[in-house]
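Undergrad: Using only what follows, build the 3D model:
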Amino acid sequence: QFDRDQEKGTRSTSSAMHRHRARHSLLSPSAVVVVAASLLGGVVVATPTAPDGGSREGSEPQHTPTLTTIVAQTHSWLDRGFNTGSTENGTAYGFTQPSLWKYSRGQWLWDSGAVAISNSWRNATRSTLELASLLEAQQSDGRVPEEVSWPGATGNHKTQMPVLPWTLWAIYNQTHDTSVLRRFVPPLIKYWEWWRTTRDIDGNGLVTILHPWESGIDISPAFDAAWHVDNPKPPAVAWLEIYPLLDELQDVYATQFGWNQTAILNRSKAEPSVRANWFMVQDVGVNTLYAVGWAVLGDLASVYNDHAVASLCHGYNNIAEQAMHAHMWKPELGRFVTTYRDRDGSQQFSSVQAVQTLWPLLLRSLAPEQRIALVADVRNPRKFWTPFPFPSVSLSEPTYTARYTVNLMWRGPAWGFTNWFVLEGLAAVGESALVNEAVARWTEAYRVAPGVWEMWNAETGVGYGAEGLGMSSLLIDWLHRTSMLTIHNMPTPPTTAPHRTAAIGSSTAGTLFDDSWWLNATGSNAVIDRLQLRGGSRLESLSVMYADARAAVGSNDSFYLAEHGNPAAQTPLISLGVPRDVAMASVRLCTDGTTVLFAQFTLTNNQTAAAGDSAAAGCTTFVPPVRGAILAGVFGRARAAKMGGIDALGLSWVPM
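TA: Modelled structure (predicted):
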């Protein structure tokens, strides 16, 4: 856990490891792991406990076959990792440590920001406390530390990926409390001012990180060129070559510069040294969030009518985005890139296509050709469109490594917060169908893993790293936002149901209808933009029965009835009992694009029920994926447009 133990005196062996770097690079990967373990005093570098031999920290059994169990398991980890107390002056604090199995028991900036987003859906008060606690450690110059230790509210010398405007946005979206904005927008603007005045070392609008840990994406191969590291290599060899550099760099900053960041950043070139003493990188992910973060803060200031502050923030957003267009967009590559000041003072860029190269989808000033290029990269199965997206490095990169076997992170497996920002970008450019399919695939990873893990194999879904990592809870946010989560305490159906229109997509997406009952299915790639049921010769009334866990034990046919429409209508009422150990095998729908003409439900025991015109055209049969199921009669919400199948089809109607 080198990446989380900095400044705690646990890395005395790393300089020795660095001195032996050249010699060890000639060894086989297995020999390197043995040597590394020896140098670390017996610490095991990789524990191959995942089914595919990948490394995991944590061994508690997890059971996550359904959305309900995924959410419950995730909330359990978050609750167990939550710490509360009071400082010496009586200030209450509360934070969620990243994991119970790995990393120190401290509050980490982007981990905490992620957890606050996830928790905002169930406990916005706790999310507010999490954000307030992090900002309690804000330094006088505006910097928010990478890690905060409690109860002293002391922070380390670095910062981390600037995610907090999105955290505040999530809290406000749940509370609609402008006092929360008035409380937190000013300190966040002070933090952004710190980035602008301290880290724009060239005065061109781009901001610089002085250590990979400040990105959170520690060992991304996008940084290899800045290190002058020649990759690819076997993971164990690369680990032994790169990780000691991170520790040495921090030691140099402490011993030679006393962590005086002005002195560190004002150097025009690197001094000759046998130790790592130079890292001046303009990460494309950090710069995207810095640039767009200004716009988000401006938007939030506008909510409580501080238009002067909003104008200031939007002005800085424009400056930063134009800097990215000028210095990071490479038309010959069709993407934005990470840049860096090299050891000789020259400005260079990394052509590696890491996941953060997709984040500029968030830019408010994105040109059409840029949007098309970035979305194409997302959709490309040879790059980022994997069965369990999004890999931290494009599959086309020679440094891509699917499995996590040593503590060499961000070189293949997918992660929660990187996924979250890719989805934010896709949503920003209107790619709702792609968002919904990506969320469905992400969800499937938690079924396959099984459970909540730090990262997962983007090709197989196997989970790796720290068990129960808080950042991975961000799936919950997108499950809510795509309305994949429904109300799980199913109420008694109303005795009468008013005639209404319910639809997925179009203008009513996201609306909750008291009389709306839903069929949930996953796995189809078909797209239905809008559906509604009408009377007359079409389907007018539907009664769906399904197995109910509340039924008496031993009952063979346990039903829960959800009935809508006019039972006295001329169209026959259909009902379908779903016995225990029987599932819904398929749903066949025929539609003219706006109305359902025919619906047929088939069980795994071959029982069927149908209504409507069986000769209708425009028919599609929806079947669940492996490990999936169609749940009939689930009470819930309409979802966003173009769901990628009937993931949530509202069965409601209006008279002809």
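Undergrad: Can you get me a residue count around the residue lying closest to Q353 once chain neighbours are set aside?
TA: With sequence-adjacent residues excluded and distances taken as Cβ to Cβ, 6 or more residues apart in numbering, Q353 is closest to S394, at 4.1 Å. Every residue, glycine included, has its C-beta placed from N, CA and C. A count of nearby residues for S394, using other Cβ atoms under 10 Å, gives 23.
Undergrad: Quick check: S394 touching D377?
TA: Yes: counting by Cβ atoms under 8 Å, S394 touches D377, with 7.5 Å between them.
Undergrad: what is in contact with the two at once?
TA: Residues touching both S394 and D377 by Cβ atoms under 8 Å, 6 or more residues apart in numbering: Q353, K383, F384.
Undergrad: Closest one to V462 out of the residues you listed, please.
TA: The nearest member of those to V462, counting by Cβ to Cβ, is F384 at 18.3 Å.
Undergrad: And the residue lying closest to the closest one once chain neighbours are set aside, how far from E454?
TA: Using Cβ to Cβ, 6+ apart and skipping the chain neighbours, the partner closest in space to F384 is F390 (4.9 Å). The spacing between F390 and E454, counted by Cβ to Cβ, to the nearest Å, is 15 Å.
Undergrad: And for I201?
TA: From I201 across to E454, the span is 32 Å (Cβ to Cβ).
Undergrad: do the same with G425
TA: G425 is 22 Å from E454, by Cβ to Cβ.
Undergrad: what's the answer for K330, then?
TA: The value you get for K330 to E454, if Cβ to Cβ is used, is 31 Å.
Undergrad: And R441, by the same measure?
TA: Relative to E454, and taking Cβ to Cβ, R441 is found at 18 Å.
Undergrad: Nearest residue to the residue nearest the centre of the chain in space, please, no chain neighbours.
TA: Residue closest to the average C-alpha location in the chain (Cα atoms, centre = their mean): W420, at 2.9 Å. Distances taken as Cβ to Cβ, 6+ apart place L474 nearest to W420, at 4.5 Å, with adjacent residues excluded.
Undergrad: Helix, strand, or coil at that neighbour?
TA: Here L474 is recorded as helix under DSSP: H, G, I helix; E, B strand; the rest coil.
Undergrad: Could I get the contacting residues of it?
TA: Neighbour list for L474: A114, I117, S118, G416, F417, N419, W420 [criterion: Cβ under 8 Å, 6+ apart].
Undergrad: Filter those residues down to the ones in helices?
TA: Judged by DSSP state H, those include A114, I117, S118, G416, F417, N419, W420 as members of helices.
Undergrad: Show me where the stretch 301-450 of the chain has its helices.
TA: 307-327, 368-379, 416-428, 432-448 (DSSP state H, counting those that start in this stretch).
Undergrad: And P151, how far from Q107?
TA: 11 Å.
Undergrad: who has more neighbours, those two?
TA: Legend: neighbour count by other Cβ under 10 Å for P151 and Q107, higher for Q107 (28 against 12).
Undergrad: Measure how buried the spatially closest residue to the more buried one that is not a sequence neighbour is and give me the count.
TA: Counting by Cβ to Cβ, 6+ apart, F95 is the residue found nearest to Q107 once chain neighbours are left out, at 3.8 Å. By the criterion of other Cβ under 10 Å, F95 has 29 neighbours.
Undergrad: Was I right to think F95 contacts A132?
TA: No: using Cβ under 8 Å, F95 is not in contact with A132; the gap is 9.9 Å.
Undergrad: All the helices of the stretch 1-150 of the chain, in order from the start?
TA: According to DSSP H, counting those that start in this stretch, the helices that the stretch 1-150 of the chain contains are 14-19, 21-24, 29-39, 67-80, 109-119, 124-136.
Undergrad: helices and strands around the fifth one, which ones?
TA: Applying 3 or more Cβ pairs under 8 Å, 6 or more residues apart in numbering; DSSP states H and E, we find helix 109-119 packed against helix 67-80, strand 92-96, helix 124-136, helix 164-175, helix 416-428, helix 474-481.
Undergrad: same question for it, mean pLDDT?
TA: Computed over helix 109-119, the mean pLDDT rounds to 98.
Undergrad: what's in contact with it?
TA: Contacts for helix 109-119 (Cβ under 8 Å, 6+ apart): 74, 78, 95-96, 98, 126-128, 130-131, 133-134, 144-147, 159-161, 163-164, 166-167, 170-171, 216, 416-417, 420, 469-471, 473-474, 476-477.
Undergrad: same question, the longest one
TA: Defining contact as Cβ under 8 Å, 6+ apart, one finds that helix 67-80 is touched by 62-64, 96, 100, 115, 118-119, 122, 443, 446-447, 451-452, 467-470, 472-473, 475-476, 479, 484-486, 488.
Undergrad: chain center to it, what's the gap?
TA: 16 Å (Cα atoms, centre = their mean, to the nearest Å).
Undergrad: now the angle between strand 92-96 and that helix, please.
TA: Taking axes from the mean of the first three to the mean of the last three Cα atoms, to 10 degrees, one finds helix 67-80 and strand 92-96 inclined to each other by 130 degrees.
Undergrad: For helix 67-80, buried residues please.
TA: Buried residues in helix 67-80, counted by 16 or more other Cβ atoms under 10 Å: L67, T69, I70, V71, Q73, T74, H75, W77, L78.
Undergrad: now stretch 167-186
TA: Quick answer for stretch 167-186 (16+ other Cβ under 10 Å): T167, L168, W169, A170, I171, Y172, Q174, T175, V180, L181, F184, V185.
Undergrad: For N231, list the residues it contacts.
TA: Taking Cβ under 8 Å, 6+ apart, we find N231 in contact with P221, D224, A238, P398, T399.
Undergrad: Equivalent analysis for W359, please.
TA: V284, G285, T288, L289, F421, V422, G425.
Undergrad: where's it relative to P165, distance?
TA: 14 Å.
Undergrad: next one: H228
TA: In terms of Cβ to Cβ, H228 sits 34 Å off from P165.
Undergrad: In terms of packing, which of the two has more residues around it?
TA: Using other Cβ under 10 Å as the criterion, H228 and P165 rank with P165 on top: 26 against 10.
Undergrad: For the more buried one, which non-adjacent residue is closest in space?
TA: V296 (3.9 Å).
Undergrad: Pretty sure that neighbour sits against V163.
TA: No: with contact defined as Cβ under 8 Å, V296 does not count as touching V163 (10.3 Å).
Undergrad: Test for you: state the pLDDT assigned to the residue nearest to W420.
TA: For L474, the predicted pLDDT is 98.
Undergrad: gap between it and V452?
TA: 11 Å.
Undergrad: Repeat that for L245.
TA: 31 Å.
Undergrad: Looking at these two, which one has more neighbours?
TA: The neighbour comparison of L245 against V452 (other Cβ under 10 Å) goes to V452, with 29 against 23.
Undergrad: Would you mind stating the distance between the more buried one and T64?
TA: 7 Å.
Undergrad: Need the overlap of contacts for those two.
TA: Joint contacts of V452 and T64 (Cβ under 8 Å, 6+ apart) are I70, Q73, Y446.
Undergrad: number of nearby residues for S86?
TA: If you count neighbours by other Cβ under 10 Å, S86 ends up with 11.
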